[in-house]
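Colleague: this one's sequence-less:
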């Protein structure tokens, strides 16, 4: 439960209801994180537009790899669970668990291993990144400056989202309890998964 008062689905109207319904259409329920944006639904809309622009030029495997390791490094359970689950569908659960435990996985290329290290350092303390680290991505793996920008933008944007949600007490949704036990426990790195089932727009009289 969030630390701030949020608008229940049954009481939402106008821009808040529209935002809730968009989120429920995607997830099948109203995620807890959406409710902390109820006081500023325009921020959710602009965050969504920025995230879409960041994601657009990046292929799915790299996007999920960078997003997951950044979220895990930032100790945000919700994003770690969501993107760890997506990444597991691409590289397997064992590889995701290895990454979560700080180990390299043999399913990753050498370039991906260095991208993971770069993304982790961005999440941990970007001020300590050196020009040499960026140059290594360019020279050793042939990444373009645009690709390096994309990786940095994905990792840095995750910091905004996770820190906002954790600061306001948003919890990972109970739906994540359906994940395989070992994966769920490994990826729950911050706030525990909520005990109560999430709201749905159908329950509120809206439409899913």
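Modeller: Yep, that arrived. None of these values were measured; they are calculated from a predicted model.

Colleague: what's the longest helix seen in the chain in contact with?
Modeller: The residue-count maximum for a helix in the chain (DSSP state H) belongs to helix 145-167. In this structure, residues lying in contact with helix 145-167 by CB atoms under 8 Å, 6 or more residues apart in numbering are 33, 36, 47, 50-51, 54-55, 57-58, 62-63, 66-67, 69-71, 74, 76, 78-79, 115, 118-119, 122-123, 126, 134, 137-138, 143, 190-191. Quick note: C-beta positions are derived from backbone N, CA and C, even for glycine.

Colleague: could you redo the last one with a cut-off of 7 Å?
Modeller: Contacts to helix 145-167, defined as CB atoms under 7 Å, 6 or more residues apart in numbering, come from residues 33, 36, 47, 50-51, 54, 57-58, 63, 66-67, 70-71, 74, 76, 78-79, 115, 118-119, 122-123, 134, 137-138, 190-191.

Colleague: of those residues, select the buried ones using a PyMOL command.
Modeller: Burial among the contacts of helix 145-167 is assessed by 16 or more other CB atoms under 10 Å; the matching PyMOL selection reads:
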select buried, resi 33+36+47+51+54+58+63+66+67+70+71+74+76+78+79+115+118+119+122+123+134+137+190+191
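
Colleague: in this protein, which spans are helices?
Modeller: Under DSSP H, the chain gives helices at 14-27, 32-35, 41-55, 60-73, 77-91, 93-100, 110-125, 131-141, 145-167, 181-187.

Colleague: mind listing what's buried in the last one?
Modeller: Neighbour-count burial for helix 181-187, with 16+ other CB under 10 Å as criterion, is recorded at 183-184, 186-187.

Colleague: now swap in the first one and tell me
Modeller: Of the residues in helix 14-27, those scored as buried under the neighbour-count criterion (16+ other CB under 10 Å) are 16-17, 19-21, 23-24, 27.

Colleague: you'd agree residue 188 is up against residue 76?
Modeller: No. Under the criterion of CB atoms under 7 Å, residue 188 lies out of contact with residue 76, with a separation of 10.3 Å.
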